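*Asks:* Here is a sequence with its predicted model. Questions after.
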Amino acid sequence: MKLTTGISLSIMMLLEYFVWGAWYVTMGTYMSEHLGSTGIHIGAAYSALAIATMISPFFVGMVADRFFAAQKIMGVLHLLGAALLFLATQVADNSSFYWIIMAYSLLYMPTIALSNSIAFGQMTDPGKQFPWIRVFGTLGWIVAGLMIGFLGIEKTPSTFVMAAIVSAVLGVFSFMLPNTPPKGGEDASAALGTEAFVLFKDKPYLIFFVAAILVCIPLSFYYGFANPFLNDVGMENAASKMTLGQVSEAVFILAIPFLFNSIGVKKMLLLGMAAWILRYVCFAYGNVDTGMWMLYAGIILHGICYDFFFVTGYMYTEKKAGAKIKNAAQGLFTFATYGVGMTIGTWFSGYAVDMYTTDGVKDWTSIWWVPAFIAIGVMIYFILFFREKKEVKVAA
């Protein structure tokens with residue numbers, strides 16, 4: 001791969017995830033401040049992205065890949081998305097805001113797969129080259145959070161405006177990316193990954209698969225309500241400080257291949273679940289005075305929470321599936337977790353937050369114990385029923 005191509009792909013990834021990080025982290029805070037949103041309203045808005053995750057494989061596999069060059073369709077989607085992000089700041093009721101975010105999510109989520117397709121299409125050795133390109137996506141998310149703090153716009157509509165501007169820039173830039181022609185597309189069953197259903201005959205994988213869906217409920221609490229919580233308890237520039245979670249994610253992911261082989265998949269997954277419990281206990285009792293360290297711990301634990309469960313889960317899925325159906329298996333795993341699991345989780349988290357809200361005042365200690373107890377339940381279920389006969393190993 002040429003150096004200039006690598007640079008353009010890195011810029012693409014940085015901008016792609018900058019856009020997401022610019023509006024997604026602070027959306028709950030924005031809705032509370034400007035729309036008077038309840039927990040249910042916020043949960044519903046976050047569910048839009050989960051619903052879009054379930055729909056986007058059909059669009060990419062059956063429409064984009066069949067008829068259009070990836071870079072061109074990505075450019076159009078980001079330009080349209082920029083307009084919707086700006087429009088989101090012009091409405092004052094929760095219903096209109098929800099439908100705008102839903103429409104935007106349906107445009108944005110396919111660009112994740114399209115950006116990956118563009119990157120893979122230019123690589124001579126994807127196994128070695130893609131991680132170095134993809135890490136710029138994590139960097140983009142971090143930069144977005146730092147800019148929100150630097151500009152002091154965390155509670156303002158400017159987060160959406162900033163995301164809209166960068167989305168428009170990426171839309172134009174996409175047309176300058178290397179050509180990635182149509183690949184022919186897939187039928188509906190291939191797009192959904194139904195051929196990977198054969199994995200459910202393997203009982204350990206089925207137990208893991210159910211646990212992965214359930215653990216998305218605690219994950220939804222963090223994505224939807226961590227930023228409003230940190231602002232509510234008085235943490236300054238919370239969005240910027242939450243980028244420590246992405247730094248943690250980038251650090252811990254380096255250790256996964258080695259730990260995967262040395263301690264095995266079950267212990268890796270249990271460590272991830274334990275981190276979820278610890279994170280929410282820290283949030284439940286943390287404060288900006290003597291308990292500030294607990295708030296930081298809850299943020300930094302994101303690396304273990306996410307990497308040790310979801311990244312390990314992707315690796316476990318790939319090794320269980322084998323070369324023939326690994327793409328379908330990964331698609332099914334994403335559909336089930338970030339689609340089905342997150343849809344359930346976002347709605348449930350919204351109801352839970354409202355349950356512990358009285359006269360506009362949230363009982364955050366009680367709220368954070370809800371995902372903690374769910375994580376405890378998933379952990380007990382996993383300990384009792386997951387029995388892997390032979391640990392799956394990968395090269396370090």
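*Replies:* Received the coordinates, thanks. Residues are numbered from 1 along each chain as shown.
*Asks:* just checking, next helix/strand downstream of the helix or strand that contains Gly224?
*Replies:* Secondary-structure assignment from DSSP states H and E places Gly224 in helix 203-232. Going down the chain from helix 203-232, the next helix or strand is helix 238-252, by DSSP H and E.
*Asks:* list the buried ones in that next one?
*Replies:* 238-249, 252 (16 or more other Cβ atoms under 10 Å). Heads up, the C-betas are built off the backbone N, CA and C, glycines and all.
*Asks:* would you list those in a markdown table and tack on distance to Met1 and pLDDT?
*Replies:* Listed next are these as a markdown table, based on distance: Cβ to Cβ, whole Å; pLDDT from 0 to 100:
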| residue | distance to Met1 | pLDDT |
| --- | --- | --- |
| Ala238 | 38 | 93 |
| Ala239 | 34 | 92 |
| Ser240 | 33 | 93 |
| Lys241 | 36 | 94 |
| Met242 | 33 | 94 |
| Thr243 | 29 | 93 |
| Leu244 | 32 | 94 |
| Gly245 | 30 | 91 |
| Gln246 | 25 | 88 |
| Val247 | 27 | 90 |
| Ser248 | 29 | 90 |
| Glu249 | 25 | 85 |
| Phe252 | 27 | 84 |
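*Asks:* isn't Met123 right up against Met1?
*Replies:* Yes: counting by Cβ atoms under 8 Å, Met1 is a contact partner of Met123 at 5.5 Å.
*Asks:* residues bridging contact with those two, i.e. touching both?
*Replies:* Taking Cβ atoms under 8 Å, 6 or more residues apart in numbering as the contact rule, the neighbours common to Met123 and Met1 are Gln129.
*Asks:* contacting residues around the nearest residue to Ala83 once chain neighbours are set aside?
*Replies:* Spatial nearest neighbour of Ala83, excluding adjacent residues (Cβ to Cβ, 6 or more residues apart in numbering): Ala164 at 7.5 Å. Ala164 sits next to 81-83, 85-86 when contact means Cβ under 8 Å, 6+ apart.
*Asks:* Which members of these are the farthest-apart pair?
*Replies:* Longest distance between any two of the contacts of Ala164 is 9.8 Å, between Gly81 and Phe86; criterion Cβ to Cβ.
*Asks:* Settle it for me: which of the two has more neighbours?
*Replies:* Gly81 (24 against 18; other Cβ atoms under 10 Å).
*Asks:* That one - nearest residue in space that isn't next to it in sequence?
*Replies:* Leaving aside its sequence neighbours, Gly81 sits nearest to Leu107 (Cβ to Cβ, 6+ apart; 4.5 Å).
*Asks:* Look up the pLDDT of that neighbour for me, please.
*Replies:* On the pLDDT scale, Leu107 is placed at 92.
*Asks:* cool, Lys2 as well?
*Replies:* We have a pLDDT of 82 for Lys2.
*Asks:* Leu85 now?
*Replies:* With respect to pLDDT, Leu85 has a value of 97.
*Asks:* List the contacts of it.
*Replies:* 23, 104, 160-161, 163-164, 167.
*Asks:* That one: helix or strand, and which one exactly?
*Replies:* In the assignment (DSSP H and E), Leu85 maps to helix 70-88.
*Asks:* chain center to that helix: distance?
*Replies:* Put simply, helix 70-88 sits 19 Å off its chain's centre (Cα atoms, centre = their mean, to the nearest Å).
*Asks:* what helices or strands is the helix or strand that that helix is followed by leaning on?
*Replies:* Downstream of helix 70-88, the first helix or strand assigned by DSSP H and E is helix 94-122. On a contact count with 3 or more Cβ pairs under 8 Å, 6 or more residues apart in numbering; DSSP states H and E, helix 94-122 meets helix 3-24, helix 39-59, helix 70-88, helix 126-151.
*Asks:* how about a markdown table for the ones you listed, with distance to Ile325 added?
*Replies:* Output for the helices and strands packed on helix 94-122, formatted as a markdown table (distance: least, Cβ to Cβ, whole Å):
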| stretch | distance to Ile325 |
| --- | --- |
| helix 3-24 | 27 |
| helix 39-59 | 15 |
| helix 70-88 | 23 |
| helix 126-151 | 18 |
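*Asks:* nearest to Lys319, of the ones you listed?
*Replies:* Shortest distance between Lys319 and the helices and strands packed on helix 94-122, using Cβ to Cβ, is found for helix 126-151: 14.7 Å.
*Asks:* Please name every helix or strand in contact with the closest one.
*Replies:* Counting contacts by 3+ Cβ pairs under 8 Å, 6+ apart, helix 126-151 packs against helix 3-24, helix 94-122, helix 158-174, helix 238-252.
*Asks:* one step back: neighbour-wise, give me the winner out of the contacts of Leu85.
*Replies:* Neighbour counts for the contacts of Leu85 (other Cβ under 10 Å) peak at Ser167, which has 30 neighbours.
*Asks:* With adjacent residues omitted, what lies nearest to that residue?
*Replies:* Ala82 (4.0 Å).
*Asks:* from what I can see the one you found touches Ile165, true?
*Replies:* Yes: using Cβ under 8 Å, Ala82 is in contact with Ile165, at 7.3 Å.
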